[in-house]
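Participant: Pasting the sequence and the predicted coordinates here, then a few questions.
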Protein chains: 2
Amino acid sequence: MCGYTMDEEREQMIQLVESAVDSGDLSPVKGVLDGKRPPDIADILLALPPEKRSFVFGALDREVASETLTLLDEGAMRELLAALDESKIVALIGLMASDDAADIVNLLPPDQVQRILGRISREEYEHIQELLKFPEETAGGLMAREVMTVRGETRVADVLTRLRSEAEKIEQLQNIYVIDGQHVLLGFIPIIRLIVADPESRAKEIMTRDFLSVTTGTDQEDVAALFSKYDLYSLPVVDAGGRLVGRITVDDIIDVIEEEATEDITMMAGTGDEEFWERSPIRVSKARLPWLLTGLFGGIASALVMNHFKASLESVLTLAFFVPVITAMGGNVGIQSSAIVVRELAVGGMSLVRTGGKLIRELKVSLINGFVLGAVLLVIVTIWQGDYRLGVLLGVCMMTIILWATLMGAVVPLLLRKMDIDPALATGPFITTSNDILGILMYLGIATLFLDWIGGG
Amino acid sequence: MCGYTMDEEREQMIQLVESAVDSGDLSPVKGVLDGKRPPDIADILLALPPEKRSFVFGALDREVASETLTLLDEGAMRELLAALDESKIVALIGLMASDDAADIVNLLPPDQVQRILGRISREEYEHIQELLKFPEETAGGLMAREVMTVRGETRVADVLTRLRSEAEKIEQLQNIYVIDGQHVLLGFIPIIRLIVADPESRAKEIMTRDFLSVTTGTDQEDVAALFSKYDLYSLPVVDAGGRLVGRITVDDIIDVIEEEATEDITMMAGTGDEEFWERSPIRVSKARLPWLLTGLFGGIASALVMNHFKASLESVLTLAFFVPVITAMGGNVGIQSSAIVVRELAVGGMSLVRTGGKLIRELKVSLINGFVLGAVLLVIVTIWQGDYRLGVLLGVCMMTIILWATLMGAVVPLLLRKMDIDPALATGPFITTSNDILGILMYLGIATLFLDWIGGG
């Protein structure tokens, strides 16, 4: 079950499938894929070159094909959908849960969407139409419409009878939701409680009234935080009037948590999560270049600052040698404190009390670190240059830049969040670039003020 | 239900609780906390200063206190445990699931562990003893021992009877596991299937035989990958002989996924995830200083490199101005590609096929970006300095450093993973520091070779 063995097995299967496709004979492919789970089949498909992928996909059973399709990345889905004829797409969508179906329809070209929606069942058509209205990163965009509901007066025995008749569709069912005549959510019943309850009791007598719910517009990050905090397996989604419109399950939330972490890491690194599954180098370049150009212009600004202090540098060239130390340390320190704050905001939200505490902690940490690193630099430079004055200058500058960079690293993400901007955005490149410029400015500025003292001029 | 309202509510409750504690009267505290869920109570406790925390904790009902305790961070748990007397700890542990109980026992001082284990029930003692054997970051360290098992010959009707008698403990139960006489796992039955099945049928007739499982030693990251890939809600854990020893549920996996993402981000930033919930500035400094000292010595090495090229810098001082551009861009580019690779390794694992594809993609991306950024720098420097030769030198150096830094950023995490070291470790600081030194060496080296041409000497 461990990751590495699975990797090796997968390589072997991929090679088997590839050579079967090359020979043009699909029967050995069916042999390899038969009995495999859709997630494993999706893995194999993703490892194949696109032309072979649609060939192998065509050899799958409808049920398996339908589930496998929902597990591919967007690029691969798009490619496969373009290669399939419409009646096949209609059939595959018909087998999906409404949330998966809506995700697929979202990827189709607009002219195809109407033709395909026109060919599916009325009920599914309405489900998908409604789901398409909600932005992707909200509870509405995450939820599935398929929910099992009962009225409060329903007898437990009747609920059980209905469960038996719908058993095939509901292997993953966690809770049954209890609603009133206006579809307003009143409570829920965990499946296990149905087994224990008196068959003659009513749904409303055994339901839990104290339930958590979100509205369709709730941001997916807030939804994920609720699942994580309250250890939920599923969560009902209601509209503004409290009417039940869908439910979100924990497996979708795991994807959200992984996505959000990827978004944080890639934003902090100055790329974007769009490029994560992207194959085209041109599009990846486009995602990264804006950040790099910012960095480049920051570097040019640093050069201008140094040019401004040309006279000091000509008189004491050694000053230039330590510019990389100043810039590197400002960058390192700023990234350390911003990473901690960005991650705390993502995982825990952050109350005013805790925010204040964290800032004070960062200040103390930077005082300690600034003192230690400043002292180390002072000693090294004094010994190397045989002159304590340059050592003192560098030690003091190092302390100051560390204090400044730590605070910037902690404060900028908090400010961005206050402005409702993703804290991870621009934190990395922004802090690194501005610290470079300010660090050099401060270092050479102080050095120039004390130029006579450190032996220049 | 949205994050911000909850924050405000929480602030209010915290203030209410604080002032009640200050007045020394606990009855209003009980009023505020009554009916609150343990995760919300834990939030409030964490926001209180430690001395007030144990005072409020003492006012909670046993059941609520027991669950709340498991939801605190390690620091707060340790503090509370130190303030509780042993019979209270024994009572609280007695109410916990075995995995939570083992986590608490893990935090107790060694001399207290034996006294406390000696006072709990025999069955729970054995459960905890066994769980304590497994490393924290393995399936054994994650699992709970409480599993509902039946033999294959058991009639469904008898399983239902047993469920009814144990109903209180098992609200969150997903599956019932079917074992043979040696406790070897044969299959599982989702609860819902019990409702549908003929009461006279046998467990083995309705169980799913094709199940996923992990062994106690499986790394928690691999366990999380299985949950994510196969959309699992729970997963059985077996020993080397295939005997069922416990089960892992998806709520624990959400914690693992968040932990691992935090670990990646903090490692890449050169801190450590230990400091994430840490309050002591000294301990936080200790976690960050090794990385910063590495960076400092890297900076000193950069200074030595520049000192080596003193003659060239004296002859063309302008060369020094562009050192920050070279170092900043090498750092930015390296972090971009390493962040993508680290995240891909974390989320998807990485097959040989995909690894090769990614490296080629990174190479193409760096060629495009290097060309664009090199050209921009060439033009700017040529205009600014009024001399195309320095522009050409810097453009070419920029291209080379971008190519180099991208490849290092992509290759180092892959190499670390091959050596079974966490790819996120040292990627950030390591790449930034080594790129600084190599970038300056290359830049000044090439400049010195062409010194006559660019107008020095």
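Facilitator: Noted; the coordinates are in hand.
Participant: Mark out where each domain of chain A begins and ends.
Facilitator: Annotated domains of chain A cover A:3-133, A:149-265, A:269-449 [automatic domain parsing].
Participant: now those domains as CSV including mean pLDDT, mean neighbour count and distance to chain B?
Facilitator: From N, CA and C alone the C-beta is placed, and that goes for glycine too. Below are these laid out as CSV (pLDDT from 0 to 100; neighbours: other C-beta atoms under 10 Å in any protein chain shown; distance: least, C-beta to the nearest C-beta, whole Å):
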stretch, mean pLDDT, mean neighbour count, distance to chain B
domain A:3-133, 84, 16, 5
domain A:149-265, 90, 18, 3
domain A:269-449, 85, 21, 3
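Participant: gap between the top helix by length along chain A and the chain center?
Facilitator: Counting residues, the longest helix in chain A under DSSP state H turns out to be helix A:352-385. Chain-centre distance of helix A:352-385: 32 Å, with C-alpha atoms, centre = their mean, to the nearest Å.
Participant: quick one: the helices in the stretch 151-300 of chain A?
Facilitator: Taking DSSP state H, counting those that start in this stretch, the helices of the stretch 151-300 of chain A run over residues A:156-165, A:191-196, A:203-206, A:220-230, A:250-268, A:281-308.
Participant: Would you work out how far apart the start and end of stretch A:103-116 are?
Facilitator: Start to finish, the residues bounding stretch A:103-116 are 14 Å apart (C-alpha to C-alpha, to the nearest Å).
Participant: re the thing from before, now the helices of the stretch 151-300 of chain A in TSV, with distance to A:A101?
Facilitator: Formatted as TSV, the helices of the stretch 151-300 of chain A follow (distance: least, C-beta to C-beta, whole Å):
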stretch	distance to A:A101
helix A:156-165	23
helix A:191-196	25
helix A:203-206	29
helix A:220-230	19
helix A:250-268	14
helix A:281-308	27
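Participant: can you tell me which of these comes nearest to A:D100?
Facilitator: Proximity to A:D100 (C-beta to C-beta) singles out helix A:250-268 among those, at 9.9 Å.
Participant: That closest one versus helix B:250-268: what angle between them?
Facilitator: 10 degrees (axes from the mean of the first three to the mean of the last three C-alpha atoms, to 10 degrees).
Participant: Helix B:220-230 and helix A:250-268, what's the angle between them?
Facilitator: 120 degrees.
Participant: what's helix A:250-268 packed up against?
Facilitator: Here helix A:250-268 is seen to pack against helix A:220-230, helix A:323-348, helix A:427-449, helix B:220-230, helix B:250-268, helix B:323-348 when contacts are counted using 3 or more C-beta pairs under 8 Å, 6 or more residues apart in numbering or on different chains; DSSP states H and E.
Participant: Now distance to A:T208 too, for those helices, in JSON lines please.
Facilitator: Output for the helices and strands packed on helix A:250-268, formatted as JSON lines (distance: least, C-beta to C-beta, whole Å):
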{"stretch": "helix A:220-230", "distance to A:T208": "13"}
{"stretch": "helix A:323-348", "distance to A:T208": "27"}
{"stretch": "helix A:427-449", "distance to A:T208": "41"}
{"stretch": "helix B:220-230", "distance to A:T208": "26"}
{"stretch": "helix B:250-268", "distance to A:T208": "18"}
{"stretch": "helix B:323-348", "distance to A:T208": "35"}
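Participant: Can you pull the phi and psi angles for the residue lying closest to A:A339 once chain neighbours are set aside?
Facilitator: In space, not counting the residues next to it along the chain, A:A339 is nearest to B:A269; the distance is 3.4 Å by C-beta to C-beta, 6 or more residues apart in numbering or on different chains. Backbone torsions of B:A269, given as degrees, to the nearest 10, read phi -80, psi -10.
Participant: And the strands in the stretch 101-250 of chain A, which stretches?
Facilitator: Using DSSP state E, counting those that start in this stretch, the strands of the stretch 101-250 of chain A run over residues A:149-151, A:175-179, A:185-190, A:214-215, A:234-238, A:244-249.
Participant: ok, back up a step: now the angle from the longest helix of chain A to helix A:323-348?
Facilitator: 160 degrees.
Participant: which secondary structure elements does helix A:352-385 contact?
Facilitator: By 3+ C-beta pairs under 8 Å, 6+ apart, helix A:352-385 packs against helix A:323-348, helix A:388-418, helix B:3-22, helix B:38-47, helix B:281-308.
Participant: so which of the domains of chain A comes closest to B:V113?
Facilitator: Evaluated over the domains of chain A, closeness to B:V113 peaks at domain A:149-265, with 26.8 Å, by C-beta to C-beta.
Participant: and the closest residue to A:T382 other than its chain neighbours, what does it touch?
Facilitator: Leaving aside its chain neighbours, A:T382 sits nearest to A:G391 (3.4 Å; criterion: C-beta to C-beta, 6+ apart). A:G391 makes contacts with A:377-382, A:385, as judged by C-beta atoms under 8 Å, 6 or more residues apart in numbering or on different chains.
Participant: Between the residues you listed, which sits nearest A:V412?
Facilitator: A:L377 (25.5 Å).
Participant: pretty sure the closest one contacts A:M399?
Facilitator: No - using C-beta atoms under 8 Å, A:L377 is not in contact with A:M399; the gap is 9.1 Å.
Participant: if we can go back for a sec, between the helices of the stretch 151-300 of chain A, which one is nearest to B:T433?
Facilitator: Comparing these under C-beta to C-beta, the one sitting nearest is helix A:281-308, at 17.1 Å.
Participant: which helices and strands sit right next to the closest one?
Facilitator: Right, helix A:281-308 is packed against helix A:427-449, helix B:318-321, helix B:323-348, helix B:352-385 by 3+ C-beta pairs under 8 Å, 6+ apart.
Participant: could you dump the ones you listed to TSV with distance to B:N175?
Facilitator: Putting the helices and strands packed on helix A:281-308 into TSV (distance: least, C-beta to C-beta, whole Å) gives the following:
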stretch	distance to B:N175
helix A:427-449	43
helix B:318-321	67
helix B:323-348	26
helix B:352-385	33
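Participant: re earlier: can you check which of the helices and strands packed on helix A:250-268 gets nearest to B:E146?
Facilitator: That would be helix B:250-268 among the helices and strands packed on helix A:250-268, by C-beta to C-beta, at 13.0 Å.
Participant: Tabulate the CA atom coordinates of the closest one in CSV.
Facilitator: Backbone C-alpha positions of helix B:250-268 (Å, rounded to 0.1, in the frame of the first residue of the first chain) are rendered in CSV as follows:
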residue,chain,number,x,y,z
VAL,B,250,-10.8,11.1,7.5
ASP,B,251,-11.0,13.8,10.2
ASP,B,252,-7.5,12.8,11.4
ILE,B,253,-6.3,12.8,7.7
ILE,B,254,-7.4,16.5,7.3
ASP,B,255,-5.1,17.3,10.2
VAL,B,256,-2.3,15.4,8.5
ILE,B,257,-2.8,17.2,5.2
GLU,B,258,-2.7,20.6,6.9
GLU,B,259,0.3,19.6,9.0
GLU,B,260,2.2,18.4,5.9
ALA,B,261,1.4,21.6,4.0
THR,B,262,2.6,23.6,6.9
GLU,B,263,5.7,21.6,7.1
ASP,B,264,6.5,22.2,3.4
ILE,B,265,5.9,25.9,3.6
THR,B,266,7.9,26.4,6.8
MET,B,267,10.7,24.2,5.6
MET,B,268,10.9,26.0,2.3
